[in-house]
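Chemist: Okay, predicted coordinates and the sequence, questions at the end:
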Amino acid sequence: MNTRSLLNRLAVAAVAVGFVALLAAAIAAIYVAKRNAEYTYWVRHTYEVELRISELRILAEQVETARRGYMLKHDHAFYERAVSTNAALFPKLEQIAALTDDNPAEQARVEQLRTLISRQTELTNRSLETTRAGGVVVSIRMFRTDGSIETLTEIRRIARDMAEAERRLLEERNTLQSRTVQALVGVLVAAGVILIVTAAFSVVVIVRYTRDLSRSRDQLRRLNENLEDIVRERTADLARANDEIQRFAYIVSHDLRSPLVNIMGFTSELEAALPPLRDMIAAGEAASPPVATPAAHAAVEVDLPEAIAFIRKSTQKMDRLINAILRLSREGRRILTPERLAMGAIVAGVADTLKHRADEIGAEITVEGELPSIVSDRLAMEQVFSNLIENALKYLKPGRPGRIVVRGHAEPGRLVYEIEDNGRGVDPKDHQRIFELFRRSGPQDQPGEGIGLAHVRALIYRLGGVIACDSALDRGAIFRLFLPPTLAGDQGSSL
Amino acid sequence: MIEDDEGHARLIEKNIRRAGIMNDLRHFLDGSSALEYLFEGDENGRLRGPALVLLDLNLPDMSGTEILAKIKAEPDLKRTPVVVLTTTDDKTEIQRCYDLGCNVYITKPVDYEAFSRAILQLGLFLSVIQVPDNGSHV
């Protein structure tokens, strides 16, 4: 169990790790994409700077070419070209300055270029004006000496340097970019590996888990089936045991009856033999001298009749007890036939049959409210109510007008009937005992063998219910019956 | 009379005599000896059909109903009236005995007066019924 819970925790952890890896990969991808966009911008920027620088160089060359052309040919078109291109030089430089304002090294170069170009512009203008004024020779000489050639060379070098710097920057950025891409690939590969491992692990865990689950389900089903078998077996055992008890009670009561017939029979024979003996003793006493002794007289007149009376009384009692057992065992074997019973009518019928007795002792039997109807065995229910009401009549408190109330109500899954009396009550210590066979409670001033309540309980059990007694001495008693609303099937067993 | 309880047998006999029936009475304590007697032919090979069989159902070696079935299956004996005398007052048992052909079924009451009354009545009954003549003694 412990290793399983550990496994479960590991599976959850694996899934979590998988998700974290996925998230990391996504974040890395976004980061790299952003970097890529930046890079692209910078590459374009570098190319633009390069382009502008080469444009600047071309412009500078063009100015120079136009100036030289003007000096040599003295063509006014050259002059125009030189002036116009010269004018375009500064704006171009400003463009470059704006583009590279993030790069101090380039700014420094731009500054140098600015100085150089303004000087060159000045030189160019002077030579142009000199040439225009007709001093071609002067201007050519000036051209050789005024340092404009060096300035131009310097301009070219710096522009080259700038382009160089930009290319280096591009290369640097390239390296950085490829490193980022590599990092991304690394992250993606790592995430992929983690995902694959996680997935494999999860699959293993799930397969194992599913197998465990189906195994335990199979086990459960097997257990369930076993349980049903066990229940069936136990029920059969119980039914068998019950049958056995019934049969036992039946056989015992029958076999007990057989000797009883003899005891009773021969007791009667003894009794029948008494009168001749008695006559003989009387004759013996009457004779003179008396032949019969006082002991013989006592034996015939006192001892024998007394013995016979006791034997008879005991056998009669034994017979009643045996009959009670026999009745109970028969009741247990009777086949129950459930039908819908209007309990109100049944209790009214029972009360009617007991009315005469109730009137005699001044008791009153009432049904309070509506009694819920039940699906059960008619005879059994009649016997139960008849026994209980009869009992209530039997054990009323002398000197108190008897009141017996029957009521009932439905509860979820069961019906409750109550038989309440205001009689002498039952001592709480006897609440269980009164339901036992041949056991009675309180003063033994009423006829009976202690069978009624045992019979009632046996019937109630057969009807699938229970009975309880709620009482205290002198406070009356309530007998409560808890019964299923519908009696399930027949539970009778055949002997 | 087939009766395993000697006391019962004695009481039955006493009461039968008191009822004024003085026929010969043979008492068997178990089923096999009774059957042996019933199915042992006389010198002519005919079975000795008694006038009447008093039968107890609870016998040590076999059930009384078995004896009843055997008697009623034998052509020479089947007309012999059989009185079942037993402690069983179970309805199905009584029904079964009548189905097998028993003529009278009497439950032995524990109450001796009732018992002797029953036997007395049986005696009176025996004195009035016409027992088929098997040409043998009773």
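Modeler: Good, I have the coordinates. Numbering: from 1, shown residues only, chains lettered A, B, ... in the order given.

Chemist: at contact distance from chain B, anything in the helix or strand hosting A:S214?
Modeler: Mapping A:S214 onto the secondary structure by DSSP states H and E places it in helix A:148-286. Yes: residues of helix A:148-286 contacting chain B under C-beta under 8 Å from any C-beta of the partner chain: A:254-255, A:257-262, A:264-269. (C-beta placed from N, C-alpha, C; glycine too.)

Chemist: would you turn these into a markdown table with distance to A:I322, pLDDT and neighbour count?
Modeler: Shown next, in a markdown table, are the residues of helix A:148-286 next to chain B (distance: C-beta to C-beta, whole Å; pLDDT from 0 to 100; neighbours: other C-beta atoms under 10 Å in any protein chain shown):
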| residue | distance to A:I322 | pLDDT | neighbour count |
| --- | --- | --- | --- |
| A:H254 | 9 | 75 | 20 |
| A:D255 | 10 | 79 | 13 |
| A:R257 | 6 | 80 | 22 |
| A:S258 | 10 | 81 | 18 |
| A:P259 | 11 | 85 | 14 |
| A:L260 | 7 | 85 | 19 |
| A:V261 | 11 | 84 | 22 |
| A:N262 | 14 | 86 | 18 |
| A:M264 | 12 | 85 | 25 |
| A:G265 | 16 | 86 | 24 |
| A:F266 | 18 | 89 | 18 |
| A:T267 | 17 | 89 | 19 |
| A:S268 | 18 | 87 | 18 |
| A:E269 | 22 | 87 | 14 |
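
Chemist: Other residues contacting stretch A:247-255?
Modeler: With contacts defined as C-beta atoms under 8 Å, 6 or more residues apart in numbering or on different chains, stretch A:247-255 is touched by A:322-323, A:325-326, A:328-330, A:332-333, A:495, B:58, B:87-88.

Chemist: go with 10 Å
Modeler: Residues outside stretch A:247-255 that contact it (C-beta atoms under 10 Å, 6 or more residues apart in numbering or on different chains) are A:321-330, A:332-333, A:493, A:495, B:57-58, B:86-90.

Chemist: Those residues, buried ones only, as a PyMOL selection?
Modeler: Typed into PyMOL, the next command selects the buried ones out of the contacts of stretch A:247-255 (criterion: 16 or more other C-beta atoms under 10 Å in any protein chain shown):
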select buried, (chain A and resi 321+322+324+325+326+328+329+330+332+333+493) or (chain B and resi 57+58+86+87+88+90)
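
Chemist: From the contacts of stretch A:247-255, which land in strands?
Modeler: With strands taken from DSSP state E, the overlap with the contacts of stretch A:247-255 comprises B:T86.

Chemist: nearest residue to the residue in chain B that chain A sits nearest to other than its sequence neighbours?
Modeler: Closest contact between chain B and chain A, by C-beta to the nearest C-beta, is at B:G7 (3.5 Å). Closest residue to B:G7 apart from its sequence neighbours, by C-beta to C-beta, 6 or more residues apart in numbering or on different chains: A:N262 at 3.5 Å.

Chemist: Could I get the contacting residues of that neighbour?
Modeler: Shown here is A:N262, whose contacts under the criterion C-beta under 10 Å, 6+ apart are A:315, B:5-8, B:10-11, B:110, B:112.

Chemist: Could you count how many residues lie near A:A348?
Modeler: Burial measure for A:A348: 14 neighbouring residues, criterion other C-beta atoms under 10 Å in any protein chain shown.

Chemist: Mind checking what helix or strand follows the host helix or strand of A:F310 in sequence?
Modeler: Using DSSP H and E, A:F310 sits in helix A:304-333. Taking DSSP H and E as the definition, the helix or strand that follows helix A:304-333 towards the C-terminus is strand A:338-341.

Chemist: Name the pair among the residues of helix A:148-286 next to chain B with the greatest separation in space.
Modeler: Taking C-beta to C-beta, the two most distant members of the residues of helix A:148-286 next to chain B are A:H254 and A:E269; they sit 23.2 Å apart.

Chemist: State which helix of chain B is the longest.
Modeler: For chain B, the helix that runs over the most residues, judged by DSSP state H, is helix B:112-128.

Chemist: So for that helix, mean pLDDT?
Modeler: In this model, helix B:112-128 has a mean pLDDT of 75.

Chemist: what angle do it and helix A:148-286 make?
Modeler: 70 degrees (axes from the mean of the first three to the mean of the last three C-alpha atoms, to 10 degrees).

Chemist: Tell me the secondary structure at the spatially most central residue of chain B.
Modeler: A centroid search over chain B (C-alpha atoms, centre = their mean) returns B:L54, at 1.4 Å, as the residue closest to the centre. Three-state secondary structure (criterion: DSSP: H, G, I helix; E, B strand; the rest coil) places B:L54 in strand.

Chemist: got a pLDDT number for it?
Modeler: The model reports B:L54 with a pLDDT of 87.

Chemist: That one against B:L11, yeah?
Modeler: No: with contact defined as C-beta atoms under 10 Å, B:L54 does not reach B:L11; the gap is 12.0 Å.

Chemist: Between these two, which contacts overlap?
Modeler: Common contacts of B:L54 and B:L11, defined by C-beta under 10 Å, 6+ apart, comprise B:3, B:119.

Chemist: Any regions of the chain where pLDDT drops low?
Modeler: By default, I'm working from chain A. Per-residue confidence of chain A (counting by pLDDT under 70) places the weak regions at A:1-4, A:489-495.

Chemist: The chain in question should be chain B.
Modeler: By pLDDT under 70, the weakly predicted segments of chain B are B:41-49, B:109-110, B:126-127, B:129-138.

Chemist: so whatever helix or strand A:Q107 lives in versus helix A:148-286, what angle?
Modeler: Counting by DSSP H and E, the element that carries A:Q107 is helix A:104-132. Here helix A:104-132 points in a direction 160 degrees away from that of helix A:148-286 (the same axes, to 10 degrees).

Chemist: Packing partners of helix A:104-132?
Modeler: With contacts taken as 3 or more C-beta pairs under 10 Å, 6 or more residues apart in numbering or on different chains; DSSP states H and E, helix A:104-132 sits against helix A:2-73, helix A:76-99, helix A:136-145, helix A:148-286.
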